[in-house]
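[1] here is a sequence with its predicted model. Questions after.
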Amino acid sequence: MVLKKFKYKKVSSTNDIAMQKIRQGYKSGVIISDQQTRGRGQHGKKWVSNKGNLFFSIFFIINKKLQTSSLVISNLRIIKKILSNYIKLKIKIKRPNDIIVNKKKICGILNEILFYKDLKFLVIGIGINIVSSPNIRDYPTTNLNELTNRRVSKTKLLNKIIKAFDIKIK
């Protein structure tokens, strides 16, 4: 299955747009935006969406009996594996939904479930700091360019992640 891409300059939240697309009849896809005005993280926390960083959501149908907790770890592992191609430092998964390098957050993932027309959809919101690190009190952050000392292509990174998820959901 090839995930259809929906690209935007500015959205409230890529997860919100993914849910709109589901209600419009799309069974799977990727929502990509240059900017989010109300990106969100776990437990209603705000996701700081600095321009130049990567914000997107992937959505698809899942088995109704599938437990979301196993999907969260699986999704984190996919991103961790791809980031390990860029970063030679130790990358850790910090439960419930963060990826950490040198005790600093580089990525957050928000998994949400939507039941629509007797189908169960998984919406995976992913934010990766590529060019800048949000200033979050009591929570150190980092970014890919800083860790690699080079300019990482947002498009190439996104395409690698989409390909990995496309294989996973076939």
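    Received it, and whenever you're ready, just let me know what you need. Because the structure is predicted, anything quoted here is derived from the model rather than measured.
[2] which residue is nearest the middle of this structure?
    Centroid-nearest residue in the chain, with Cα atoms, centre = their mean: residue 126, separated by 1.2 Å.
[3] tell me the contacts of it?
    54, 55, 56, 57, 58, 75, 79, 107, 108, 109, 161 (Cβ atoms under 8 Å, 6 or more residues apart in numbering). All C-beta atoms are positioned from the backbone trio N, CA, C, and that covers glycine.
[4] can you redo those as a markdown table with distance to residue 95 and pLDDT?
    Formatted as a markdown table, the contacts of residue 126 follow (distance: Cβ to Cβ, whole Å; pLDDT from 0 to 100):
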| residue | distance to residue 95 | pLDDT |
| --- | --- | --- |
| 54 | 22 | 92 |
| 55 | 22 | 90 |
| 56 | 22 | 94 |
| 57 | 21 | 96 |
| 58 | 21 | 95 |
| 75 | 13 | 89 |
| 79 | 14 | 94 |
| 107 | 14 | 92 |
| 108 | 12 | 89 |
| 109 | 11 | 91 |
| 161 | 20 | 92 |
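[5] filter the residues you listed down to the ones in strands?
    54, 55, 56, 57, 58, 107, 108, 109 (DSSP state E).
[6] turn these into a markdown table, including distance to residue 132.
    Output for the ones in strands among the contacts of residue 126, formatted as a markdown table (distance: Cβ to Cβ, whole Å):
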| residue | distance to residue 132 |
| --- | --- |
| 54 | 11 |
| 55 | 13 |
| 56 | 17 |
| 57 | 20 |
| 58 | 23 |
| 107 | 14 |
| 108 | 15 |
| 109 | 19 |
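[7] alright, I will stop here.
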